[in-house]
Each structure stands twice: as structure tokens, then as C-alpha cells.
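K.L.:
here's a sequence, model it:
(one chain, ligands or ions: 1)
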Amino acid sequence: MVNIAVLGYGTVGSGVAEVINTNHDIVNKRAGQEINIKYVLDLRDFPGDPVTEILTHDFNDILNDEDVKVVVEVMGGVEPAYTFVKKCLLAGKSVVTSNKELVAAHGPELLEIAKDNNINFLFEASAGGGIPIVRPLNSSITADDITGISGILNGTTNYILTKMSNEGADYDTVLKQAQELGYAERNPEADVEGGDACRKIAILTSIAYGKHLDYSRVHTEGITSITSEDFLYAKKLGATIKLLGTTEKIDGRLYSFVAPMMLPKSSPLYGIDDVFNGILVHGNVVDDVMFYGRGAGKLPTASAVVSDVVDAVKHMGTNIMTIWDKEPLEMGDFNELTNRFFVRIPNGDGIKEKIEAVFGSVEFISIPEVTGELAFITDKITEAAFSTNKLKFEYVNNAIRVAF
Ligand code: HSE
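P.N.:
Below you'll find the model as predicted:
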């Protein structure tokens with residue numbers, strides 16, 4: 001029997017206990033021994049919940065118990081998670097986490113401590129929720145030069161955008177539903193402003209290229225400016241709008257960004273709706289590989305966490321090699337990246353001529369539902385040129401990058 005401890009009894013922590021109980025026999029068989037939750041750490045009490053029997057409020061109970069071999073950190077946030085995780089690793093306990101803030105900020109250091117101590121630091125659930133993506137990047141797609149990763153990496157925003165697109169639903173109501181379903185972060189700004197997807201693409205990129213991509217270097221935009229009018233235009237174009245985290249290798253240089261994109265029907269990511277995430281990886285020899293599944297929620301996330309626990313137990317005494325050096329990953333200048341842009345500008349005298357003078361040849365789009373503005377798609381231009389050109393207009397209703 002192997003004893004584990006769970007730090008945090010929130011949505012994911014209670015899900016971990018549920019998965020281990022529900023799939024007891026299967027999980028134990030795959031781990032090669034019985035997995036027993038000896039402690040759950042939480043500041044709160046849970047009267048009437050069987051967790052009470054193993055609940056502790058003192059982290060030192062876990063740290064100082066030599067019988068605890070694997071610690072599951074599902075508290076979220078950088079602190080105190082970082083301090084607890086580091087102490088556990090230094091004490092020779094493997095750690096499994098779903099915490100993308102922790103992994104994006106301290107992944108290389110924690111991996112190094114795990115390696116030095118012949119234990120494991122595993123974080124499958126930190127990107128893509130229940131979808132296996134970290135392990136495939138680390139141990140399956142290893143023969144390829146990865147030329148691109150593009151993913152719907154945030155369940156909450158995908159849920160919101162899907163409802164806005166299909167039902168014309170209003171933003172605040174849908175965000176509330178996502179929170180009730182346990183998809184949204186405690187502070188949903190991290191979802192809707194793109195910070196969550198930013199950390200996830202930084203983690204995946206670091207694993208794919210073996211060096212550290214600091215998430216603060218990833219250009220990040222969220223979905224708060226997207227309106228129902230944008231979806232009407234998207235429909236006219238046979239497209240939809242998704243929040244994507246993207247890393248592209250162009251002429252040997254890497255570019256990473258998070259932004260809403262208009263996707264055509266032909267994109268494999270077009271039909272990924274609701275809380276589902278999808279990640280498209282392109283390798284120079286394997287070509288396209290697609291990963292799809294639930295990107296958030298109690299049981300799907302707990303599934304990924306428990307699969308890491310199984311791996312940690314199976315590899316007791318052996319470090320699973322994960323290459324993510326502290327050395328910074330060299331990135332191209334985002335301002336030099338080129339994209340096409342869908343733009344909406346209030347109409348007025350001479351605006352059409354001005355648009356053509358500033359942006360050159362553009363494709364105008366009009367829909368009966370929206371008047372008083374001119375909408376168009378630019379040719380491919382650099383991010384720098386687009387930012388400069390935009391400023392030549394008094395007001396821009398919205399601008400969205402176009403992936404076609
Ligand atoms: N808030 C996150 C999301 C949870 O919506 O994707 C899973 O990381």
C-alpha cells in the first residue's frame with residue numbers, strides 16, 4: 001500500500017478522492033499497489049463529509065510523515081502551493097499538481113529538485129484538464145521538430161463563446177453558469193482576460209522545446225471585447241470565434257500568443273464547443289496530431305491528476321525524464337508576426353477611402369443586422385503595422401485576428 005496526501009479539498013481535491021474511491025480496483029491494479037489517501041489538507045472543516053476522518057489543518061502532519069510518498073497539490077495559486085510543493089520534493093515525496101500558475105512559474109526548478117531526489121513532479125492536469133497532452137509531448141511526439149501548437153486551452157471561455165455564438169446569450173449570465181459548474185477560476189479574470197490560457201501555452205511550449213518560456217513574455221488578449229455582432233459577422237464568413245493559445249515556428253523562430261481568433265469551418269478546432277478543449281500539434285514528420293476532451297471540471301481534471309498519481313507510484317525510485325531547462329526559450333518578436341485582421345470601424349465621411357489608404361486592399365463585409373460601421377478583413381500585415389494603422393482612426397469597434 002502507498003500513502004498519499006491531498007493538499008486542498010476544493011473542486012479538484014474532492015474529485016481526486018471521488019475518482020480514487022469510485023475506480024478503486026482499476027486504479028490500484030494499474031498502480032501495482034493500493035493507493036490510500038492518508039491526509040487531506042484544508043483550512044476549512046467539512047462537517048458530515050467522510051473526509052473529516054483524514055482532514056488536517058497542519059501541513060507539517062504531511063511533511064513530517066515518512067509514510068506519505070506522493071503529495072497531490074490541488075490548492076491553486078502560487079503561494080502557499082510553491083512553498084508546500086518544494087518542501088515535499090526536498091523531503092523525497094513525489095508531487096502531482098493541477099496548478100498551472102505554479103507549474104508555469106516554477107516548473108523547471110521543481111522538475112530539477114525531483115530529478116535530484118529520484119522522485120517525480122508531474123502536472124498532466126495543468127494544461128487541457130482531462131486531456132492527456134503533457135505526457136504525449138514529453139514522451140510520445142519525441143521524434144518530431146514541433147512546428148506549431150494551437151489550442152483552445154480554457155474551458156470557461158470556450159463555454160462562454162459557444163453560448164454567445166449558439167444562443168446569443170449574454171456574457172455575465174454564461175460566466176455565472178461556468179462558475180456554478182466549477183469550470184471558472186476563483187478569480188474569473190484569469191479565464192476571460194486570457195491569463196489561464198497564457199500559462200497553459202507557456203507550459204506546453206516549454207515541454208515541446210525543452211527550455212523555459214516565461215508566461216509573462218506571451219502576448220495575451222482575452223475575450224472581454226467580443227460581442228454578439230462579432231459572431232454575426234463570423235457566421236456570414238462561415239467562421240466562428242475561439243480563444244486560442246498558439247505557438248508557431250516560422251523560419252526557425254518561435255512566436256507565442258493568446259488571442260481570440262476567427263476560425264474557418266475547415267479548422268480542426270472549429271467544432272470544439274462548450275467546456276471542451278482541443279489542442280492541435282504539428283510536427284515536421286508526424287504532421288497534425290489532435291487532442292480533444294474536457295478542459296475543466298471536477299472529474300475530468302481529477303482523472304488527469306489520478307493518472308499522474310498512478311505514474312508516480314509506478315515509478316517510485318525512478319525519475320521520469322522531463323526536459324524543461326531553466327534556460328530561457330529564445331522567442332521571435334511578436335511585433336514581427338503577420339496576421340490578417342477582421343476590423344470594425346464606425347462609418348463616416350471618407351472612412352471607406354481612409355481604410356483603403358491606410359490598410360491597402362481589404363475585403364469589406366456587410367450584414368443587415370449591423371449598421372453605422374464598416375467591417376473589413378485586411379491582407380496579412382505585421383502586428384506592429386496593425387497597431388500603428390489602428391491608431392490612425394478615432395475609434396475601432398473591434399479587431400480580431402483571422403485564421404484564413
Ligand atoms: N478555469 C480553467 C478553465 C480550469 O476554464 O479551463 C481548468 O484549468
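K.L.:
and the residue lying farthest from the centre of the chain, which of the three is it?
P.N.:
Using Cα atoms, centre = their mean, the residue of the chain lying farthest from its centre is Asp349. It sits 43.8 Å away. Secondary structure for Asp349, judged by DSSP: H, G, I helix; E, B strand; the rest coil, is coil.
K.L.:
give me the distance between it and Val370.
P.N.:
Separation of Asp349 from Val370 (Cβ to Cβ, to the nearest Å): 19 Å. Yep, even glycine has a C-beta here, placed from its N, CA and C like the rest.
K.L.:
and the closest residue to Thr157 other than its chain neighbours, what is it in contact with?
P.N.:
Take Thr157 and drop its neighbours on the chain: the residue closest to it by Cβ to Cβ, 6 or more residues apart in numbering is Leu243, 4.6 Å away. Contact partners of Leu243, counting by Cβ atoms under 8 Å, 6 or more residues apart in numbering, are 152-154, 157-158, 161, 194, 197, 222-223, 258-261.
K.L.:
return the member of the residues you listed nearest to the ligand.
P.N.:
The nearest member of those to the ligand, counting by Cβ to the nearest ligand atom, is Asn154 at 4.2 Å.
K.L.:
before we move on, back to that, pLDDT score assigned to the residue nearest to Thr157?
P.N.:
Note on Leu243: pLDDT of 98.
K.L.:
Ser94 too?
P.N.:
99.
K.L.:
pretty sure it sits against Phe121.
P.N.:
Yes. Ser94 lies in contact with Phe121 (Cβ atoms under 8 Å); the separation is 7.1 Å.
K.L.:
spell out which parts of the stretch 151-300 of the chain neighbour the ligand.
P.N.:
Proximity of the stretch 151-300 of the chain to the ligand (Cβ under 6 Å from any ligand atom) is limited to residues 154-156, 183-185, 191, 196, 295-296.
K.L.:
who wins on neighbours among the residues you listed?
P.N.:
Within those, most neighbours by other Cβ atoms under 10 Å means Asn154, with 35 neighbours.
K.L.:
SS state for Gly92?
P.N.:
Classification of Gly92 using three-state DSSP returns coil.
K.L.:
neighbours around it, how many?
P.N.:
Gly92 is flanked by 12 other residues according to other Cβ under 10 Å.
K.L.:
any idea how far Ala302 is from it?
P.N.:
From Gly92 across to Ala302, the span is 25 Å (Cβ to Cβ).
K.L.:
next one: Ile119
P.N.:
For Ile119, the distance to Ala302 - Cβ to Cβ - is 22 Å.
K.L.:
what of Asn347?
P.N.:
Plainly put, Asn347 is 52 Å away from Ala302 if you go by Cβ to Cβ.
K.L.:
neighbour-wise, which of these two wins?
P.N.:
Taking neighbours as other Cβ under 10 Å, Asn347 and Ala302 compare with Ala302 leading, 27 against 12.
K.L.:
list the contacts for the more buried one?
P.N.:
12, 15-16, 18-19, 125.
K.L.:
point me to the helix or strand that includes it.
P.N.:
Element membership of Ala302 [criterion: DSSP states H and E] is helix 298-314.
K.L.:
quick check: mean pLDDT of that helix?
P.N.:
98.
K.L.:
for stretch 125-142, give the mean pLDDT please.
P.N.:
Mean pLDDT, computed over stretch 125-142, is 98.
K.L.:
got a winner among the contacts of Ala302 for most neighbours?
P.N.:
In the contacts of Ala302, the most neighbours by other Cβ under 10 Å go to Ala125, 31 neighbours.
K.L.:
let me know the secondary structure of it.
P.N.:
Put simply, Ala125 is helix when judged by three-state DSSP.
K.L.:
correct me, but it touches Asp308?
P.N.:
Yes. Contact criterion Cβ under 8 Å: Ala125 and Asp308 qualify, at 7.1 Å.
K.L.:
ok so His282 is a strand residue?
P.N.:
Yes. Assessed with three-state DSSP, His282 lies in a strand.
K.L.:
apart from its neighbours in sequence, what residue is nearest it?
P.N.:
Excluding the flanking residues, the one nearest His282 by Cβ to Cβ, 6+ apart is Gly148, at 4.2 Å.
K.L.:
just Asn117 next, same as before
P.N.:
Sequence neighbours aside, Gly92 is the residue nearest to Asn117 in space, at 5.5 Å (criterion: Cβ to Cβ, 6+ apart).
K.L.:
in the stretch 201-350 of the chain, what residue lies closest to the ligand?
P.N.:
Counting by Cβ to the nearest ligand atom, the stretch 201-350 of the chain gets nearest the ligand through Ala296, at 3.7 Å.
K.L.:
confirm that residue sits in a strand?
P.N.:
No. Ala296 sits outside any strand when classified using three-state DSSP, being coil.
K.L.:
my guess is it contacts Leu153. True?
P.N.:
No. If you go by Cβ under 8 Å, Ala296 and Leu153 don't touch, sitting 10.1 Å apart.
K.L.:
identify the contacts common to the two.
P.N.:
Counting by Cβ under 8 Å, 6+ apart, the residues touching both Ala296 and Leu153 are Asn277.
K.L.:
got the contact list for Asn138?
P.N.:
Going by Cβ under 8 Å, 6+ apart, Asn138 touches 207, 320, 322-323.
K.L.:
nearest to Lys86, of these?
P.N.:
Nearest to Lys86 out of those is Thr322 (Cβ to Cβ; 16.7 Å).
K.L.:
quick one: secondary structure of the closest one?
P.N.:
Three-state assignment for Thr322 (three-state DSSP): coil.
K.L.:
list the buried residues in the helix or strand that Lys242 is a member of.
P.N.:
Assessed by DSSP H and E, Lys242 sits inside strand 239-250. Under the neighbour-count criterion of 16 or more other Cβ atoms under 10 Å, strand 239-250 has 239-249 buried.
K.L.:
adjacent strands (with direction) for it?
P.N.:
Strand 239-250 has its sheet partners listed here by DSSP bridges as strand 146-152 (antiparallel), strand 253-264 (antiparallel).
K.L.:
okay, these, which one's buried deepest?
P.N.:
Highest mean neighbour count among these (mean count of other Cβ atoms under 10 Å): strand 146-152, with a mean of 23.
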